[in-house]
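Q: need a structure here:
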Amino acid sequence: MCYDMRRYEFAMRKLLMGVAWFAIGLQLWLSVHFELVKGKSVAMGLAEYLRFFSTLTNVLITLVAIAPAAQSSSSMFWCAER
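A: Okay, here's the model as predicted:
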């Protein structure tokens, strides 16, 4: 493995991944739901969701935090010793 990850660190990253994606998904659902309740479209809810810089930052942080936990064969290409 390119990065020798301890088991507890792997478990913590998986936990972080679950909590972070749940929070991001919940915020998306709430944004769309509240716009629909106001009589607007799903597209307006999505626009409202993406309008906030903090939401976009949370998505980016989540992707960066879970990157080492996603040990697929394609990601291991970049770790190969040459």
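
Q: Am I right that Leu36 is in contact with Glu48?
A: No - using CB atoms under 8 Å as the test, Leu36 is too far from Glu48 to be in contact (11.0 Å). C-beta here means a position set from N, CA and C on the backbone, and glycine is covered the same way.

Q: hmm, who's touching the helix or strand harbouring Tyr49?
A: Per DSSP states H and E, Tyr49 falls inside helix 42-51. Contact with helix 42-51 is made by 27-28, 31-36, 55-56, as judged by CB atoms under 8 Å, 6 or more residues apart in numbering.

Q: Max pairwise distance over these: which two?
A: Leu36 and Leu56 (22.0 Å; CB to CB).

Q: Now do the contacts for the residue nearest the centre of the chain.
A: Central residue of the chain (CA atoms, centre = their mean): Thr62, 4.1 Å from the mean position. By CB under 8 Å, 6+ apart, Thr62 lies in contact with 16-17, 20-21, 24.

Q: switch to 7 Å and redo it
A: Taking CB atoms under 7 Å, 6 or more residues apart in numbering as the criterion, Thr62 is in contact with 20-21, 24.

Q: Same question for the host helix or strand of Met12: list its buried residues.
A: Using DSSP H and E, Met12 maps to helix 7-37. Going by neighbour count (16 or more other CB atoms under 10 Å), the buried part of helix 7-37 is 13, 17, 20, 24, 27-28, 31-32, 35.

Q: and it with helix 42-51, angle?
A: Orientation of helix 7-37 against helix 42-51 (axes from the mean of the first three to the mean of the last three CA atoms, to 10 degrees) gives an angle of 130 degrees.

Q: now this protein, which segments are flagged as low pLDDT?
A: Low-confidence segments of the chain, defined by pLDDT under 70: 1-5, 53, 69-82.
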